[in-house]
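K.L.:
coordinates only, sequence not included:
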């Protein structure tokens, strides 16, 4: 039997479920979340919080079947809550999120065949296959797609199964190949050290897709490293360096004849619980460090320690992408780069585009709801 008590002095409702689970619900919270507060079709909040007295009181509380009804003293309004809904949304218990998938850190001891891989035809046609591949990509931060048609649109079709493509100053789609008058090192044949893309943006892109259209040149292997693993090893082995990189934002800047885009980010971003959630690392786009002079020496030691880890083969995985293959990775977790290649020995052409983390996570949630319905 479910027990519901008023805690009048604390202006709360206490609910005790048959299994002994209990939770307290402040009156203001209950009134703010009354089912009538939400638009029935859009599910957007409609109620004006300032129209509710901050010290409102309950006149009567009753349990009717699987619902609790609260009659409010102040305006006579009655709020009816499902006991199951209250159990799911109890204060202090965040709602489970199908997109919150624990990261699986990895290092350079894995190979291409260890990475999650999705078949393009299955991802385009089968929601179950798409959901599984998305979850694995979320956990690893990186995956492959194979079996893409010989069509520049084929990779984008998979990305659009997830969400909208992110447009940047490089366009919605960028062609990664050696070309005259480049405005980015990606458009040359030189080696690219490990980095994350566009930390100069207010919100750096989320998931990056690199669809291999041709890869005939000598060299040009793609290189990847798990920034989460690098950060956690730094936290353990050099905690002072970790603290500086996770608390002091540095300036990043990209500028050419058309744009001048600047932003400050910490190299390592932590959530409220101290877990690593983002990496912003691009030594080519780092602007002049402008922290106080007395901080610079210590910060440079920390910055160099992270840079040294990005050069350590113990973290790196390298392989050559094949035509019809696409690599997908979390740009705010996984660092990427490439070996130098010789354009005189053959054509190398990758097509790149982004889908933001929010779009990626949204698709995971929607597919989880569909599977559970």
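P.N.:
Now that the structure is in, tell me what you want to look at. Predicted, not measured: the structure shown is a model, and the values here were computed from it. Residues are numbered from 1 along each chain as shown.
K.L.:
okay, now residue 49: neighbour count?
P.N.:
Residues within reach of residue 49, counting by other CB atoms under 10 Å, total 11. For every residue, glycine as well, the C-beta is placed using N, CA and C.
K.L.:
May I have the phi/psi pair for it?
P.N.:
Note on residue 49: its backbone torsions stand at phi -60, psi -30 [degrees, to the nearest 10].
K.L.:
Would you agree residue 286 is in contact with residue 262?
P.N.:
No. In this structure, residue 286 is not within contact of residue 262 by CB atoms under 8 Å, at 11.3 Å.
K.L.:
Mutual contacts of those two, please.
P.N.:
251-252 (CB atoms under 8 Å, 6 or more residues apart in numbering).
K.L.:
Lowest-scoring secondary structure element of the chain by mean pLDDT?
P.N.:
When the helices and strands of the chain are compared on mean pLDDT, DSSP states H and E, strand 341-342 comes out lowest with a mean of 82.
K.L.:
which ones are touching residue 246?
P.N.:
266-270 are the contacts of residue 246 under CB under 8 Å, 6+ apart.
K.L.:
Pull up the per-residue confidence for it.
P.N.:
According to the per-residue confidence, residue 246 scores 98 in pLDDT.
K.L.:
ok so it is a helix residue?
P.N.:
Yes. Assessed with DSSP: H, G, I helix; E, B strand; the rest coil, residue 246 lies in a helix.
K.L.:
What pLDDT does the model give residue 186?
P.N.:
Model confidence at residue 186, given as pLDDT, is 63.
K.L.:
no, scratch that, I was asking about residue 219
P.N.:
The per-residue pLDDT of residue 219 was computed as 85.
K.L.:
Distance check, the closest residue to it other than its chain neighbours against residue 191.
P.N.:
Setting aside the residues directly before and after it, residue 219 is nearest to residue 341 in space (CB to CB, 6 or more residues apart in numbering), at 3.6 Å. As judged by CB to CB, to the nearest Å, residue 341 and residue 191 stand 9 Å apart.
K.L.:
cool, and residue 136?
P.N.:
With distances taken as CB to CB, residue 136 is found 29 Å from residue 191.
K.L.:
Could you tell me which strands the least confident helix or strand of the chain is paired with, and in which direction each runs?
P.N.:
Using DSSP bridges, the neighbouring strands of strand 341-342 in the sheet come out as strand 218-219 (antiparallel).
K.L.:
Other residues contacting the partner strand?
P.N.:
339-342, 345-346.
K.L.:
Would you agree residue 214 is in contact with residue 349?
P.N.:
Yes. Residue 214 sits in contact with residue 349 when judged by CB under 8 Å, with a separation of 4.4 Å.
K.L.:
which secondary structure elements does the top helix by length along the chain contact?
P.N.:
Ranked by residue count and defined by DSSP state H, the top helix of the chain is helix 293-310. Packed against helix 293-310 by the contact rule (3 or more CB pairs under 8 Å, 6 or more residues apart in numbering; DSSP states H and E) you find helix 227-237, helix 239-247.
K.L.:
Of the contacts of strand 218-219, grab the buried ones for ChimeraX.
P.N.:
Applying 16 or more other CB atoms under 10 Å to those, the buried members can be selected in ChimeraX as follows:
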select :341
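K.L.:
so what's residue 348 up against?
P.N.:
Residue 348 makes contacts with 177-178, 214-217, 220, 341, as judged by CB under 8 Å, 6+ apart.
K.L.:
So which residues make contact with the least confident helix or strand of the chain?
P.N.:
Residues from elsewhere that reach strand 341-342 (CB under 8 Å, 6+ apart): 189, 217-220, 348.
K.L.:
residue contacts, residue 158?
P.N.:
Under the criterion of CB under 8 Å, 6+ apart, the contact list for residue 158 reads 120, 123-124, 145, 148, 209, 326.
K.L.:
Spell out which helix or strand contains residue 225, please.
P.N.:
Assigned by DSSP states H and E, residue 225 falls within strand 222-226.
K.L.:
tell me what that strand is packed against?
P.N.:
Using 3+ CB pairs under 8 Å, 6+ apart, the elements in contact with strand 222-226 are strand 192-195, strand 317-319, strand 326-330, strand 334-338.
K.L.:
Of all the ones you listed, which one is nearest residue 34?
P.N.:
strand 326-330 (38.7 Å; CB to CB).
K.L.:
With that, I have no additional questions.
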